[in-house]
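K.L.:
I need the structure of the sequence given here:
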Amino acid sequence: MRRLNGKRSLSLALAGLFLLGCAGMDDQPLPADAQGQVYFQSFEIDPSRDYILGRIVNDSPYTLTSCRIAINIYHEDPTEGDALFLTEVQPGDSLRKSSPDISEKLFMRETLKPGYSTEIYFELPMKHLSGQAVYTREIIELKGRSAAQ
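P.N.:
Numbering: from 1, shown residues only. Next up, the predicted model:
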């Protein structure tokens, strides 16, 4: 019994250290002033090949370590047999449908120093959609640290 309690204590201590170490590696959300300074330089959705391709630029004074991107696709006119035709609208625009047909939150984890950019590529199945649709895209979360660190 005594040996079992020692192993349990050791296991709990190791688990605690592991969690503490992982939490210390997680960067903090960037201040609000970084929001407009991290942006898409280019962005493309190809429904025939089911992918998203873009370039994100970091013009903020912070080192970006991760960001979350939200993509929402709303059907306007789901015509059977027609290829999917997408038009971009701004996230705040009024949309006829309250819930999107596709809603994806994508995660990019890459260290991006101030003044640098990176290409993003994500697969997004869209073959089941057809006709006219609109989409929104936005960067919803930025994490990183001061560039001096």
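K.L.:
which residues are in contact with the helix or strand E119 falls within?
P.N.:
Assigned by DSSP states H and E, E119 falls within strand 117-123. Here strand 117-123 makes contact (Cβ atoms under 8 Å, 6 or more residues apart in numbering) with 41, 50-58, 69, 104, 106, 108, 110, 112. C-beta: built from backbone N, CA, C; applies to glycine.
K.L.:
can you give me the strands for this protein?
P.N.:
28-29, 38-46, 51-58, 62-77, 84-88, 102-112, 117-123, 131-146 (DSSP state E).
K.L.:
Can you say which of these is nearest to L95?
P.N.:
Of all the strands of the chain, it is strand 62-77 that lies closest to L95, at 5.2 Å by Cβ to Cβ.
K.L.:
for the closest one, the distance to its chain's centre please.
P.N.:
In terms of Cα atoms, centre = their mean, to the nearest Å, the centre of strand 62-77 is found 5 Å from the chain centre.
K.L.:
do the same with stretch 120-127
P.N.:
With Cα atoms, centre = their mean, you get 13 Å for stretch 120-127.
K.L.:
distance between the ends of that stretch?
P.N.:
Stretch 120-127 has its terminal residues 21 Å apart, counting by Cα to Cα, to the nearest Å.
K.L.:
Kindly report the same for stretch 124-135.
P.N.:
Span of stretch 124-135 from end to end, Cα to Cα: 13 Å.
K.L.:
go on, stretch 75-91?
P.N.:
15 Å.
K.L.:
Now that stretch: average pLDDT?
P.N.:
The average pLDDT within stretch 75-91 is 84.
K.L.:
so H75 sits right up against M126, yeah?
P.N.:
No: between H75 and M126 there is no contact under Cβ atoms under 8 Å: 11.1 Å.
K.L.:
Please consider this matter closed, and thank you.
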